[in-house]
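Asker: pasting the sequence and the predicted model now:
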Amino acid sequence: MIREINDHQQNWQLAIPAPAATNPAAALVTMLRLLWQGQTDRHGGSAPTIPVTNHAAEVAVHLAVTLVQWFQTGAIQPTHTPPSRN
């Protein structure tokens, strides 16, 4: 999902208005990457596992909850209907 949003940022909109010179989808991609790459103990891959403190884990939970809530409520949505992958 991160790659899809990053590669097609113009196809995503956020409910929070952004100044003309900024790209709100870029902020979204940054948040998604922070969560994905900052939690190596939860998301597998070739990167070595980095110990996560309790505080970092709590912050990650809050970020994840925010992102899920934004997607669920339509605060983040595609500007078009993506093609079916059937």
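Answerer: That came through, no problem.

Asker: skipping adjacent residues, who's closest to the residue nearest the centre of the chain in space?
Answerer: The residue lying closest to the centre of the chain (CA atoms, centre = their mean) is residue 32, at 2.6 Å. Computed as CB to CB, 6 or more residues apart in numbering, the closest residue to residue 32 that is not its neighbour in sequence is residue 2, at 4.8 Å. All C-beta spots, glycine's among them, are computed from the backbone N, C-alpha and C.

Asker: distance check, the one you found against residue 19.
Answerer: Here the distance between residue 2 and residue 19 works out to 24 Å (CB to CB, to the nearest Å).

Asker: show me which of the two is the more surrounded one.
Answerer: Set side by side, residue 2 and residue 19 show more neighbours around residue 2, with 15 against 7, by other CB atoms under 10 Å.

Asker: just checking, the more buried one touches residue 33?
Answerer: Yes - with contact defined as CB atoms under 8 Å, residue 2 counts as touching residue 33 (6.1 Å).

Asker: so who does residue 23 touch?
Answerer: For residue 23, the contact set (CB atoms under 8 Å, 6 or more residues apart in numbering) comprises residue 9.

Asker: roughly how far apart are it and residue 72?
Answerer: Note on residue 23: its distance to residue 72, by CB to CB, is 23 Å.

Asker: just residue 29 next, same as before
Answerer: In this structure, residue 29 and residue 72 are separated by 19 Å, where distance is defined by CB to CB.

Asker: with residue 20 instead?
Answerer: Counting by CB to CB, the gap between residue 20 and residue 72 amounts to 28 Å.

Asker: which of the two has more residues huddled nearby?
Answerer: In this view residue 20 and residue 72 are compared by other CB under 10 Å, and residue 72 has more residues nearby, 9 against 5.

Asker: doesn't that one fall inside a helix?
Answerer: Yes - following the definition DSSP: H, G, I helix; E, B strand; the rest coil, residue 72 is counted among the residues of a helix.

Asker: residue 33 - that's part of a helix, no?
Answerer: Yes - going by three-state DSSP, the assignment for residue 33 places it inside a helix.
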